[in-house]
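In: got a structure for you, letters missing:
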DNA sequence: TGACTCATGTCAGCATTCTGACATAGGCTC
DNA sequence: GAGCCTATGTCAGAATGCTGACATGAGTCA
């Protein structure tokens, strides 16, 4: 079915391509993270904490592009399993700064290698200039889309 | 918290930017589709059927980047509500070619306008050349990511 | 013809994320 | 200080998508 090579503007829609690319990336990441028993959000949370120790739940949620409710569920599980630690009392306000435990750091190392291999593969056919252009284009799109209608 | 402007390589990771951009696009689409009682996948399905009448459930799933199981749930709802029609018997094999009903077409028109406005906004700050470059970059990434490890 | 492989439609159960809601902490203005 | 707004953490329920599984239809090959 649908072997008609009809020229459809979906193929030239940047929005559609963006979704296609991010889906391909997500699937590739899930594929390498699954053997480690880790989801993409799970990995994102650990990676964020490694790079910015002390992030709060809400900040992690924004960094991983999920709601703070979703991140809270994940954080509680990570804390229960000993990958992350949070103080019982907030040093200021209500925000609880989270940090990786040694176990969390070890877990992240393997995941980082796996994810890095995916990113390397993704960039395989692109020159440095093309990567810079793509980076700039994506940033422009994000800027334009933010800030409501 | 985290006012440290630490230079982190997340900001220069094409994978991270890709996720950020696609999230921003998805949120913007959800925002304009919600008043119409439509989800992004819902809209994608109708748009695909408008451009390629007769697509099967599995083909729609691939086009909308979800599993055929998920698309099946959606298609059954769309069929029940009179937006889409499928024959009770498969003309060949098991694939049931789906088509928009007049009601489905009317529903799609409003959604298309809304989504188009989002895409226009997204491309606002980019020249045609930049858009072409971005398109090519995204296609390259998809190519590289497909085909397993 | 029969065995094998592949794609499809579909059902069931599970995982993940979301929306809605509430209480609390801090900053701001009057 | 009182009132207001915003941000945060958290709980509960709903929506959405996924994996696993099964049966069916078509093509391939011995």
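Out: It's in. Source: prediction; values computed, not measured.
In: gap between stretch A:78-91 and the chain center?
Out: Between the centre of stretch A:78-91 and the centre of its chain there are 21 Å (Cα atoms, centre = their mean, to the nearest Å).
In: whoops, I mixed them up, stretch A:127-139
Out: On Cα atoms, centre = their mean, the centre of stretch A:127-139 falls 19 Å from that of its chain.
In: and that stretch, which residues are buried?
Out: Within stretch A:127-139, the residues that count as buried by 16 or more other Cβ atoms under 10 Å in any protein chain shown are A:131, A:133, A:134, A:135, A:137, A:138. Any C-beta I mention is one placed from the backbone N, CA and C, and that applies to glycine too.
In: again, but for stretch A:63-72
Out: By 16+ other Cβ under 10 Å, the buried positions in stretch A:63-72 come out as A:63, A:64, A:65, A:66, A:71.
In: so which elements touch the helix or strand harbouring residue A:30?
Out: Using DSSP states H and E, residue A:30 sits in helix A:14-33. Applying 3 or more Cβ pairs under 8 Å, 6 or more residues apart in numbering or on different chains; DSSP states H and E, one finds that helix A:14-33 contacts helix A:40-51, helix A:102-122, helix B:14-33, helix B:102-122, helix B:128-145.
In: so stretch A:87-101, near DNA strand C or not?
Out: Yes - residues of stretch A:87-101 are located near DNA strand C by Cβ under 7 Å from any atom of the strand, namely A:90, A:92, A:93, A:94.
In: quick one on the thing from earlier: looking at the buried residues of stretch A:127-139, which is nearest residue B:126?
Out: In terms of Cβ to Cβ, no member of the buried residues of stretch A:127-139 lies closer to residue B:126 than residue A:137, at 6.5 Å.
In: and that closest one, how close does it get to DNA strand D?
Out: In this structure, residue A:137 and DNA strand D are 26 Å apart, going by Cβ to the nearest atom of the strand, to the nearest Å.
In: excluding its backbone neighbours, what's nearest that residue?
Out: Of all residues not flanking residue A:137 in the chain, residue B:134 sits nearest, at 3.8 Å (Cβ to Cβ, 6 or more residues apart in numbering or on different chains).
In: make sure that neighbour is actually in contact with residue A:132.
Out: No - counting by Cβ atoms under 8 Å, residue A:132 is not a contact partner of residue B:134; they are 12.0 Å apart.
In: state the phi and psi torsions of residue A:85.
Out: When quoted as degrees, to the nearest 10, the phi and psi of residue A:85 stand at phi -130, psi 140.
In: does it touch residue A:96 like I think?
Out: No - using Cβ under 8 Å, residue A:85 makes no contact with residue A:96, being 9.9 Å away.
In: those two: who's more crowded?
Out: residue A:96 (20 against 15; other Cβ atoms under 10 Å in any protein chain shown).
In: residues contacting the more buried one?
Out: Contacts for residue A:96 (Cβ atoms under 8 Å, 6 or more residues apart in numbering or on different chains) come out as A:56, A:57, A:86, A:87, A:90.
In: now those residues in CSV, with pLDDT and neighbour count?
Out: CSV is the format used below for the contacts of residue A:96 (pLDDT from 0 to 100; neighbours: other Cβ atoms under 10 Å in any protein chain shown):
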residue, pLDDT, neighbour count
A:56, 97, 21
A:57, 97, 20
A:86, 96, 17
A:87, 95, 10
A:90, 86, 12
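In: got those residues as CSV, with distance to residue A:114 and secondary structure columns?
Out: Listed next are the contacts of residue A:96 as CSV, based on distance: Cβ to Cβ, whole Å; DSSP: H, G, I helix; E, B strand; the rest coil:
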residue, distance to residue A:114, secondary structure
A:56, 27, coil
A:57, 25, helix
A:86, 26, coil
A:87, 31, coil
A:90, 34, coil
